[in-house]
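Colleague: Return a 3D structure for these sequence lines:
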Amino acid sequence: MPRSHTSVGSRTLGVLALLVVVMGCSSTTSADERVSAAPDDIGRATSTTTTTTTTTIPDRPPELRMPSSARAEIGQTWTDAIVASDPDGDLATVEIEDAPRGFFPLTNSRGLITGFEWQPAEAGQWSMTVVATDQTGLVQREELLLIGRHPRVGDHVMAIGGSVAAGFGRDRSDYFTSDECWRGESIAHPTLMVEQLVAAGALGASTQFSMVACSGHDGPALLNTPVRATDGDGDVLDGAAKSQLEWAVTLNPTIVTVMAGAADAHLLDPTPLLIEGAGGDPEAALDRTLLAERLDAFDDSLDEAVATLITSTDAHIALLTWYDPTAVDPVGVDGCDGSCFRAVSAELIDELNQRIRSVARRHPAARLTLVQLDDLAVGREAPNGLGPDILRENGLGPLQGIADRFTGGGSPWCADDDGPDDTVISRLDCVHPNEDGQRAIAERVAQALLDL
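Modeller: Presented below is the predicted three-dimensional model:
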């Protein structure tokens with residue numbers, strides 16, 4: 001019996017020890033886990049669950065490496081690379097949109113474009129697009145600006161425009177004998193401007209000069225009417241006659257001076273713009289409808305000329321406004337003499353200059369300088385017409401007839417009396433600048449360019 005009792009007691013102690021061990025192991029489970037796990041869920045509560053996540057990288061568009069612009073002179077070739085790739089390795093096509101004449105794509109053995117040659121057939125600039133596409137349809141586009149130019153050799157200045165730019169208006173022989181454009185190259189303000197810029201070191205001593213401005217040319221004539229070009233000495237330059245604008249594009253000068261609009265605004269003979277029978281009322285005397293029509297045409301032509309100079313040459317453009325040559329006490333015309341004509345002429349010049357300024361604002365200031373001449377003749381306006389007193393005396397025969405031919409017997413812009421002695425306006429026609437006037441214009445243009 002005692003031995004049996006001891007055996008039972010030993011077994012009891014062994015069970016208790018096992019319970020302690022089991023309870024000690026389960027004590028590592030949190031209270032929440034013990035509460036949440038039912039006795040028959042113990043195995044499930046203590047098992048480990050693994051979740052697998054798959055990440056999909058989205059398809060990416062192709063990539064293009066290429067120049068933003070290419071420039072070549074006519075007769076030469078620019079060659080460059082177009083590198084197209086795709087980060088996913090599924091590049092499908094490389095194509096060109098809006099390629100101009102003279103553009104030649106280069107391809108590899110797969111037919112993919114890998115480069116290009118640019119051989120301009122004419123001066124200008126053209127924007128085209130390279131398009132790379134992958135097999136999923138994703139697209140990459142890059143712009144390429146193609147520039148074509150005629151060769152430029154050293155510094156070169158060109159004058160385009162009408163009679164003032166041509167140097168007409170000297171109180172000298174150009175009223176009697178001259179070329180078809182009535183030029184006075186040696187005294188024209190563009191020639192004098194070149195001298196001043198060379199002296200200031202802004203242009204080289206070997207600067208070339210070309211005159212294509214022509215008396216009587218209006219805005220459309222700048223674009224269309226063929227003329228001969230001359231140098232600063234009046235010698236004719238080689239080359240077939242071309243429009244003023246074509247000469248500028250072909251010679252690709254460093255600077256182009258532009259002074260036009262006199263013919264468009266009827267400055268020499270304003271009577272077509274005046275309404276007959278308006279009396280002395282300046283508000284009723286000017287035919288504003290006709291003036292607007294003429295200035296609209298001038299605006300369009302000048303804008304086209306400037307735009308072409310910017311896109312087809314490397315020149316910097318000096319665009320000049322106009323001065324009012326009207327005498328303080330002008331001769332005037334029938335129905336609008338004296339103060340009436342002075343008021344009308346001021347409005348006419350103002351309308352012309354508004355159009356010139358409007359054109360200037362449409363183009364980049366980096367390529368165009370507006371030179372203000374509005375106040376050039378203030379205090380130095382038109383004197384009495386027909387030059388020195390001897391030309392106004394009777395009995396001069398043919399000489400009087402020659403003078404009358406160019407002034408109509410007395411321009412309405414002229415003074416009724418002798419007018420100012422210190423004038424910048426020609427005493428023969430009272431509109432064009434004399435030599436002092438041309439020099440004053442040259443100084444303003446040169447200073448405006450030196451201030452850049």
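
Colleague: Using the record's domain definitions, break this structure down for me.
Modeller: The chain breaks down into these domains under automatic domain parsing: 63-149, 156-450.

Colleague: Quick one: mean pLDDT over the longest one.
Modeller: Right, the one you point to is domain 156-450. If you average the pLDDT over domain 156-450, you get 89.

Colleague: what sits against Glu95?
Modeller: Taking CB atoms under 8 Å, 6 or more residues apart in numbering as the criterion, Glu95 is in contact with Ile113, Val130, Val131, Thr133. Where you see a C-beta, it was placed from the backbone N, CA and C, and this is true even at glycine.

Colleague: Buried residues in the helix or strand hosting the second one, which are they?
Modeller: Val130 is part of strand 124-134 when elements are defined by DSSP states H and E. Applying a neighbour-count criterion of 16 or more other CB atoms under 10 Å, one finds Gly124, Gln125, Trp126, Met128, Val130, Val131, Ala132, Thr133, Asp134 buried in strand 124-134.

Colleague: How about stretch 215-231?
Modeller: 215-223, 225, 227-230.

Colleague: before we move on, what about stretch 151-162?
Modeller: Buried, per 16+ other CB under 10 Å, within stretch 151-162: Asp155, His156, Val157, Met158, Ala159, Ile160, Gly161, Gly162.

Colleague: what's the answer for stretch 187-199, then?
Modeller: Ile187, Ala188, His189, Pro190, Thr191, Leu192, Met193, Val194, Gln196, Leu197, Val198.

Colleague: in a helix, that's where the last one is, yeah?
Modeller: The reference is to Val198. Yes: assessed with DSSP: H, G, I helix; E, B strand; the rest coil, Val198 lies in a helix.

Colleague: how about the helices of the stretch 251-400 of the chain, start to end?
Modeller: 282-285, 288-312, 339-361, 398-407 (DSSP state H, counting those that start in this stretch).

Colleague: if we compare those, which one ends up closest to Leu245?
Modeller: helix 288-312 (5.3 Å; CB to CB).

Colleague: For that closest one, report the contacting residues that lie outside it.
Modeller: With contacts defined as CB under 8 Å, 6+ apart, helix 288-312 is touched by 123-125, 148-149, 160, 218-220, 222-223, 244-245, 248-249, 256, 258, 260-261, 264-266, 272-273, 315, 317, 319, 348, 351-352, 355-356, 358-360, 362-364, 367-368.

Colleague: quick one: it to helix 339-361, angle?
Modeller: Helix 288-312 runs at 30 degrees relative to helix 339-361, counting by axes from the mean of the first three to the mean of the last three CA atoms, to 10 degrees.

Colleague: Show the pLDDT at Ser4.
Modeller: As predicted, Ser4 sits at a pLDDT of 42.

Colleague: Can you measure across stretch 103-123, start residue to end residue?
Modeller: End-to-end distance of stretch 103-123 (CA to CA, to the nearest Å): 14 Å.

Colleague: Averaged pLDDT, that stretch. What do you get?
Modeller: Mean per-residue pLDDT for stretch 103-123: 95.

Colleague: Tell me which residues of that stretch come out buried.
Modeller: Phe103, Pro105, Leu112, Ile113, Phe116, Trp118, Gln119, Pro120, Ala123.

Colleague: which one of these is nearest Val344?
Modeller: Ala123 (42.0 Å).

Colleague: picking up where we left off before, which one of the buried residues of stretch 215-231 is nearest to Met66?
Modeller: Closest to Met66 out of these is Leu223 (35.3 Å), distances taken as CB to CB.

Colleague: Could you count how many residues lie near the closest residue to Val249 other than its chain neighbours?
Modeller: Leaving out its chain neighbours, the residue that sits closest to Val249 by CB to CB, 6 or more residues apart in numbering is Ser312, at 4.7 Å. Residues lying near Ser312 (other CB atoms under 10 Å) number 22.

Colleague: gap between Ser312 and Ala248?
Modeller: Distance of Ser312 to Ala248, computed by CB to CB, to the nearest Å: 8 Å.

Colleague: same deal with Asn434?
Modeller: In this view, Asn434 and Ala248 are 27 Å apart by CB to CB.

Colleague: In terms of neighbours, single out the busier of those two.
Modeller: Taking neighbours as other CB under 10 Å, Asn434 and Ala248 compare with Ala248 leading, 29 against 21.

Colleague: Might you specify the subset of the buried residues of stretch 103-123 located within strands?
Modeller: Here DSSP state E is the test, and the buried residues of stretch 103-123 give Phe103, Pro105, Ile113, Phe116, Trp118 as lying in strands.
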